[in-house]
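*Asks:* Mind folding the following:
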Amino acid sequence: MMWHSILAENAARTFWLPEQASTVAPDVDNLFYFIYWINVIFTILVVGLMVWFMWRYRHRKGNEGGHHSGHNNALEVTWTVIPTIIVGVIYYWGFKGFLNEVVEPPGAMQIKAVGQMWKWQFVYPNGGVSDELHVPLNKPVRMVLESQDVIHALFIPAFRVKKDVVPGRYNRMWFQATKAGTYDIFCADYCGIGHSIMHTTAVVDDDKHFADFLEAAGNPLKGKTFIEGGKALYQMYGCSACHSVTGEKGIGPSWKDVYGSDVPLSDGTTVKADDAYIHESIEDPDAKIVNGFQKGTMPVFKGRLNDQRIEAITWYLKSISSHVPSSELAKGNELVPDKNAKSETTEKK
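*Replies:* Below you'll find the model as predicted:
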């Protein structure tokens, strides 16, 4: 069974290209192979003739050469017209494919892709957030691309789509997945020392599984305690890429033991790391810069995290701090209230 799965996966690939999993992939591949075989044919032709001429007209004793031909109009026309026709075909084919990829079909579902060092984050119409891209099968999806820091590029090889994600502007692309499964997503523009780990996956689901995912993503704290929810958000929003929980210094300060401590700032002052400080640091990270770190490194999360999610993250920080005794973590071990749930009074009415 295992070998059957491996052979089936490899059968869907080619020597040069990964599996096709979107509506535009076949056209992209056909153009690629057209250009590829044109190059192969002309390489064999040119190199073959060159080798034959080297042998046919090699220097031999008693053969000092003869008449040298001059200008040949037929040859000039041939090697001008044929390449022009080929380039024209490539241009038309490529431009037609380009228009297909930039003109979105009506009714496409919109998902926002946020790139930051060094993690992808995807925001869905119901406010749900995930670090994997989930899309419905056989339905068009419009991606709105945004960067929180430097230039990135969202690249999904199996879908044959790639688009730059540029700070200070929005970009967009669309695709329609045609095969259920899990596919690689990469950043295709060098974006710093963590560029190679900026990898996630695109999960193509049928309607039922996609609806289940949307419901869960819309309320990531459901069924979790504040501490559990905060830990989940720490991973979901990419905090782990810059902030360790082991005390090790990274792009940003470690979260271990930070809550309740006196944090030294770059202006020479200190501040107590309490609820207010944590809330401000998440929504406006440049308000107070920790000594030894640079301004503008952390993305702004104002408008991306509501108060309940910030509270959960704060409880997670308390749970990994030696400045907070375990006796004070009682509320952190309570389940997060489900704001979408109906109250008993409402249900009785």
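*Asks:* To which secondary structure element is the residue nearest to Trp93 when sequence neighbours are not counted assigned?
*Replies:* Of all residues not flanking Trp93 in the chain, Leu31 sits nearest, at 5.2 Å (CB to CB, 6 or more residues apart in numbering). Every C-beta, even on glycine, is put in place using the N, C-alpha and C of the backbone. Using DSSP states H and E, Leu31 sits within helix 25-56.
*Asks:* What helices and strands are in contact with the helix or strand just after that helix?
*Replies:* Going down the chain from helix 25-56, the next helix or strand is helix 73-102, by DSSP H and E. On a contact count with 3 or more CB pairs under 8 Å, 6 or more residues apart in numbering; DSSP states H and E, helix 73-102 meets helix 25-56, strand 171-176.
*Asks:* what about 10 Å?
*Replies:* For helix 73-102, the elements it packs on are helix 25-56, strand 161-165, strand 171-176, judged by 3 or more CB pairs under 10 Å, 6 or more residues apart in numbering; DSSP states H and E.
*Asks:* right, and the residue nearest to Trp93 touches Trp37 too?
*Replies:* No. Between Leu31 and Trp37 there is no contact under CB atoms under 10 Å: 11.2 Å.
*Asks:* Those two: who's more crowded?
*Replies:* Using other CB atoms under 10 Å, the more surrounded residue of Leu31 and Trp37 is Leu31, with 16 against 10.
*Asks:* residues contacting the more buried one?
*Replies:* Val89, Ile90, Trp93, Gly94, Lys96, Gly97 (CB atoms under 10 Å, 6 or more residues apart in numbering).
*Asks:* can you pull out the strands in the chain?
*Replies:* For the chain, the strands defined by DSSP state E cover 109-116, 119-123, 129-130, 133-136, 140-147, 152-156, 161-165, 171-176, 181-187, 199-205, 262-264, 270-272.
*Asks:* Can you say which of the ones you listed is nearest to Ile310?
*Replies:* For these, proximity to Ile310 was assessed by CB to CB; strand 129-130 is nearest, at 13.8 Å.
*Asks:* Name the residues that touch the closest one?
*Replies:* 111-112, 114, 120-124, 200, 203, 213-214, 216-218, 220, 233, 236-237, 304-305, 309.
*Asks:* do the same with stretch 35-44
*Replies:* Trp16, Asp29, Tyr33, Ile82, Pro83, Ile86, Val87, Val89, Ile90, Trp93, Gly94.
*Asks:* mean confidence for it?
*Replies:* Stretch 35-44 shows a mean pLDDT of 94.
*Asks:* How about that stretch, which residues are buried there?
*Replies:* Buried residues in stretch 35-44, counting neighbours by 16 or more other CB atoms under 10 Å, are absent.
*Asks:* Same question for stretch 299-313.
*Replies:* Pro299, Phe301, Arg304, Leu305, Arg309, Ile310, Glu311, Ala312, Ile313.
*Asks:* Repeat that for stretch 151-171.
*Replies:* Quick answer for stretch 151-171 (16+ other CB under 10 Å): 152-161, 163-166, 171.
*Asks:* coming back round to it: so which of the helices and strands packed on helix 73-102 is nearest Asp286?
*Replies:* Of the helices and strands packed on helix 73-102, nearest to Asp286 by CB to CB is strand 161-165, at 21.6 Å.
*Asks:* Okay, angle between that closest one and strand 181-187 too, please.
*Replies:* 40 degrees (axes from the mean of the first three to the mean of the last three CA atoms, to 10 degrees).
*Asks:* and strand 161-165 with helix 73-102, angle?
*Replies:* 70 degrees.
*Asks:* hmm, back to that, for Asn291, find the nearest of the strands of the chain.
*Replies:* That would be, of the strands of the chain and by CB to CB, strand 262-264, which comes in at 4.3 Å.
*Asks:* What pairs with the closest one, parallel or antiparallel?
*Replies:* Using DSSP bridges, the strands paired with strand 262-264 are strand 270-272 (antiparallel).
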